[in-house]
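K.L.:
structure for this input, please:
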Amino acid sequence: MLSVWTIGHLRGSAPDHLPAAIRLAVLGDPVSHSLSPEMQNAGLVARDLPFQYTRLWVKSGDLAEVFSRLREREFIGWNLTVPHKVAALGLVDVVDRAAGRVGAINTVVNRSGSLVGFNTDGVGLIAALRESFSLDFGSSRIAVLGAGGGAGMTAAIFLLDQNPRQLLLANRTRAKLDQLRSVIGQDDRVSFWPWEKLGEVFARADLIINASSVGLAGHALDWDSRWLEPRHRVFDMMYSSKPTAVVNWAAAAGASAVDGASMLLHQGTAAFRHWFGPPVPEAAMREALYRKLEGRS
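P.N.:
So this is what the prediction gives:
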C-alpha cells in the first residue's frame, strides 16, 4: 500500500485505489516525513477500530477540493501540517474557540457532514512541558523564540492560559512581533523583544521554548553560549531521531533540554480524543512513535 496518497486518488484518476478502510489522514506539503500515521494507526489497533490513517500530499491550491472530497467520502477526520493550518480555518463549518484565537487549525472532525476545526498543538505543548519538566507555570518565566510564526503564536496564546509569572516573546521580524502584540493585547505579564535583544531574554527567562527555524538545516544556531546557564530549561519544538542542534547546544551548557517529540505525541492523542473519545491508547501511540524515531537514526 502507498505511504503517501494524492488528490488524484481522491478524484479516482490515479491508477491506485484508495482503500475504503482509510478514513483518517494528515494533509501537508511536504508530508512524507510525518510520523503521525505510525502513531495514530497504533492507537486505532489498540482500540480495535477498523480504520486506517495515512498521508495525503496536498498542494495549497487543492486544499478546498480535498476538504470537499474527504467530506464526501465520509472521512472521520484529518490533521493538517505545514502549510495548511491557517488556510484550513476558512474551510470548516465550526471553529473551536481556542483554534479561533490562534487563527489556525491542525485537526478536523467530520460530524455527519459538518466539519469542526480544532488546534491541538497548544494542548500538546502544555502537556509536553509538564511531562518534560514537571513545570509549575505560575512561577515560571517563559521565553518563546520565534513567537511571530504560527507555532510560536500558538504557544504564546496557550501559555498565557496557564498564567505564567512572565512571558517573553521574541521574533526576528518586527512586523510579525507587532502583529502578535495586537493579537495578545495589553497584559502586564507579557513583554515583546526584538531578536537583537535575545541575550537579555535569556537572562530574564528560566524556560526557553524554540519555535523558530534556528538549528534546522540551512539555519545556523548563532546564539551565544554565554547566554545559557545550568538553571535554564530548553524545549525545542523540532524533533528528530537524534538530538537537535538546539538540544545539543543547551546540553553542552549543562541545561536541561528536550525536543518536540513529546509535543507531537500529545497533540496526536488530543486529536484522537476528538475523533473517538476516551479511552485514548496513549501508551500504544507513544511506543509506536518512539520506535519509529529510533528506527530513523
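
K.L.:
from here on, just use CA atoms for contacts and neighbour counts.
P.N.:
Noted.

K.L.:
ok, then the element right after the lengthiest helix in the chain?
P.N.:
Across the chain, the helix with the greatest residue count (assigned by DSSP state H) is helix 261-276. Heading C-terminal from helix 261-276, the first helix or strand you meet, by DSSP states H and E, is helix 282-295.

K.L.:
tell me what angle that following helix forms with helix 261-276.
P.N.:
For helix 282-295 against helix 261-276, the angle between stretch directions is 140 degrees (axes from the mean of the first three to the mean of the last three C-alpha atoms, to 10 degrees).

K.L.:
can you list the buried residues in helix 282-295?
P.N.:
If you call a residue buried by 16 or more other C-alpha atoms under 10 Å, then helix 282-295 has these buried ones: 282, 284, 285, 286, 288, 289, 290, 293.

K.L.:
pretty sure the last one is touching residue 239, no?
P.N.:
Pointing back at residue 293 there. No - here residue 293 lies out of contact with residue 239, judged by C-alpha atoms under 8 Å, at a distance of 9.0 Å.

K.L.:
got a list of contacts for the longest helix of the chain?
P.N.:
Helix 261-276 has contacts (C-alpha atoms under 8 Å, 6 or more residues apart in numbering) with 36, 39-40, 76-77, 79, 107, 109, 120-125, 127-128, 237-240, 279-282, 285-286, 289.

K.L.:
can you give the domain ranges for this protein?
P.N.:
Each structural domain of the chain that the record assigns through automatic domain parsing is listed here as a residue range: 4-119+262-295, 123-259.

K.L.:
quick one: which of those has the weakest pLDDT on average?
P.N.:
Comparing those by mean pLDDT, the weakest confidence falls on domain 123-259, with a mean of 92.

K.L.:
now do the end-to-end distance for that domain.
P.N.:
Terminal residues of domain 123-259 lie 16 Å apart, using C-alpha to C-alpha, to the nearest Å.

K.L.:
from the chain's centre, how far out does it sit?
P.N.:
Taking C-alpha atoms, centre = their mean, to the nearest Å, the mean C-alpha location of domain 123-259 is offset from the chain mean by 14 Å.

K.L.:
just stretch 85-94 next, same as before
P.N.:
Distance, stretch centre to chain centre, for stretch 85-94: 16 Å (C-alpha atoms, centre = their mean).

K.L.:
distance between the ends of it?
P.N.:
Its first and final residues considered, stretch 85-94 spans 15 Å by C-alpha to C-alpha.

K.L.:
turn the buried residues of helix 282-295 into a markdown table, including distance to residue 270.
P.N.:
Below are the buried residues of helix 282-295 laid out as a markdown table (distance: C-alpha to C-alpha, whole Å):
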| residue | distance to residue 270 |
| --- | --- |
| 282 | 10 |
| 284 | 14 |
| 285 | 12 |
| 286 | 13 |
| 288 | 16 |
| 289 | 15 |
| 290 | 17 |
| 293 | 20 |
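
K.L.:
which of the residues you listed sits closest to residue 223?
P.N.:
residue 293 (27.1 Å; C-alpha to C-alpha).

K.L.:
SS state for residue 143?
P.N.:
Local secondary structure at residue 143 is given as strand here, using DSSP: H, G, I helix; E, B strand; the rest coil.

K.L.:
and it, what are its bridge partners?
P.N.:
Applying DSSP bridges to residue 143 gives these bridge partners: residue 168, residue 208.

K.L.:
cool, and residue 80?
P.N.:
Beta-bridge partners, per DSSP bridges, of residue 80: residue 27.

K.L.:
related to what we said a few turns ago, tell me which residues in the longest helix of the chain are buried?
P.N.:
Burial within helix 261-276, assessed by neighbour count using 16+ other C-alpha under 10 Å, is assigned to 261-272, 274-275.
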